[in-house]
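Enquirer: Turn this into a structure:
(chains A, B, C and D)
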Protein chains: 2
Amino acid sequence: MAPNASVKDAVRTAAVELFARDGFANTSVQQIVDAAGVTKGAMYHYFRSKDDLLFGIYEHLLTLQGERLAAIVATRDSTAQKLRSACVDVIETSIEFLAEGTVFFRSAHMLPAEKQLEVKHRRRAYNDQFAALVEAGQHEGIYRTDIPRAVLVANFFSDLHYLPQWYSVDGPEDGNLIALQLTDLFLTGISTTQLSSVNTLTKESQ
Amino acid sequence: MAPNASVKDAVRTAAVELFARDGFANTSVQQIVDAAGVTKGAMYHYFRSKDDLLFGIYEHLLTLQGERLAAIVATRDSTAQKLRSACVDVIETSIEFLAEGTVFFRSAHMLPAEKQLEVKHRRRAYNDQFAALVEAGQHEGIYRTDIPRAVLVANFFSDLHYLPQWYSVDGPEDGNLIALQLTDLFLTGISTTQLSSVNTLTKESQ
DNA sequence: GTGGCCATACCGGACAGTCGGTTTGCCCGA
DNA sequence: TCGGGCAAACCGACTGTCCGGTATGGCCAC
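Expert: Below you'll find the predicted structure:
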């Protein structure tokens, strides 16, 4: 094993867990390195600061989700299918990285203004890509235009934000089901025509 | 003027602003009392601790919204109308107290476990009252039952959580419009029949 | 003069980050 | 093969700072 990778990962993992449980401000660096089984010296060898550690967690998640969205947009599927895939996928990964999400939404504001700006830009890039899908669908006439696009998009992103607040793991495929259900609620809300997906959903939820 | 009320309000107001801007952990008691134009001694005369100050902010908002929901439930309107009113109302008050909401959702986890529990119970009470409306509508056949009620409710509450993240005041009646739009999106998503409210919305948004 | 209301000075502790020193692992010349 | 030398990895005690909370004293109204 490469010892450096191990140390970095151990620290990151421990930090995510502790930040999610106790909050960023209430977690001391000493607690993190103790939980990770390393020492302060090792940690500060790989991370410039406690803030840097927090930022690393964000970046990891943002990069992952950004890449996955880009891959979906790059397919030759219909707009409707792309948006559906994008919604389901981002909910699923948000559930998979629930702890990271918890930390993210709770503690982003603790970063220094400079890093906060970078996070903002990264999130905006994701937002714009997502909004472009909605816009395309609006031009095709499948999504309503009587409500500002920003509101439509915010209505979906809100689900991602709220997820860490109420979701708790029950079954193995529970996450996939929730993703389908939330996606269906969103798409039903923004569509100009009644969706026919209810049957599919009902079948899967049995 | 009663000097005590003035001090209490000044401290609370200053605290909400600073907590919303810099976060609870990054705001010192000294900053708060400076901003409020009082001293630490005065503040600790009215509040037991910094936590107590935070808790007071929550309680104020929770009580207000709880009372308003109860009033709406107590009317003789139809279930559909009650739920619509409840949604619009809680979004509007959330916008009116946007700073309080920001603090609430960001810093609730910083409270001692005991107070966190009380917050949780209060929120659950609100949640249950809201869910009861949805349940009534389901029995009437106007809301879909193919998705767990908890998911339907969470889908709406998520909008409240996300509001402080993206909403920024533009016009005076902007808040009311957003409330109508988000409510429409939610109700469209959970309804068994196509809503006819789109015309109304379009009219108001012109 | 006495009791709420408030100012000021101060305490104790927690915590991020540092820094001198030690170990580990690798390369290279003989 | 071996040993010497060097750089990166790692250790952990220490420090300066900041901050919540308190103790004490005064002031003013009644």
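Enquirer: Does A:T27 belong to a helix, a strand or coil?
Expert: Counting by DSSP: H, G, I helix; E, B strand; the rest coil, the backbone at A:T27 sits in coil.
Enquirer: Identify the residue nearest the geometric centre of chain A.
Expert: A:S94 (4.2 Å; Cα atoms, centre = their mean).
Enquirer: give the contact list for that residue.
Expert: A:65, A:101, A:160, A:163 (Cβ atoms under 8 Å, 6 or more residues apart in numbering or on different chains). Quick note: C-beta positions are derived from backbone N, CA and C, even for glycine.
Enquirer: Tell me the one of the residues you listed nearest DNA strand C?
Expert: A:G101 (21.8 Å; Cβ to the nearest atom of the strand).
Enquirer: Out of the contacts of A:S94, name the ones that lie in helices.
Expert: A:65, A:101, A:160, A:163 (DSSP state H).
Enquirer: what about A:Y167, neighbour count?
Expert: 19 (other Cβ atoms under 10 Å in any protein chain shown).
Enquirer: that older thread, can you narrow the contacts of A:S94 to ones near chain B?
Expert: A:L163 (Cβ under 8 Å from any Cβ of the partner chain).
Enquirer: from what I can see A:V33 touches A:H45, true?
Expert: No: counting by Cβ atoms under 8 Å, A:V33 stays clear of A:H45, with 11.2 Å between them.
Enquirer: just to revisit the earlier point, which of the ones in helices among the contacts of A:S94 are buried?
Expert: A:65, A:101, A:160, A:163 (16 or more other Cβ atoms under 10 Å in any protein chain shown).
Enquirer: Among the residues you listed, which pair sits farthest apart?
Expert: Taking Cβ to Cβ, the two most distant members of those are A:Q65 and A:L163; they sit 12.9 Å apart.
Enquirer: In which helix or strand does A:L182 reside?
Expert: Assigned by DSSP states H and E, A:L182 belongs to helix A:174-190.
Enquirer: what about A:K82, how many neighbours?
Expert: Applying other Cβ under 10 Å, I find that A:K82 has 19 neighbouring residues.
Enquirer: Give me the pLDDT value at it.
Expert: Here the pLDDT value assigned to A:K82 is 98.
Enquirer: what sits against it?
Expert: A:72-73, A:75, A:133.
Enquirer: Close to DNA strand C: what parts of chain A are there?
Expert: Residues of chain A found near DNA strand C (Cβ under 7 Å from any atom of the strand) are A:3, A:27-30, A:40-41, A:44, A:49-51.
Enquirer: Pull out the buried members of these.
Expert: A:27, A:29, A:50.
Enquirer: a markdown table for the residues you listed, including distance to chain B and pLDDT?
Expert: Listed next are those as a markdown table, based on distance: Cβ to the nearest Cβ, whole Å; pLDDT from 0 to 100:
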| residue | distance to chain B | pLDDT |
| --- | --- | --- |
| A:T27 | 11 | 96 |
| A:V29 | 15 | 96 |
| A:K50 | 12 | 96 |
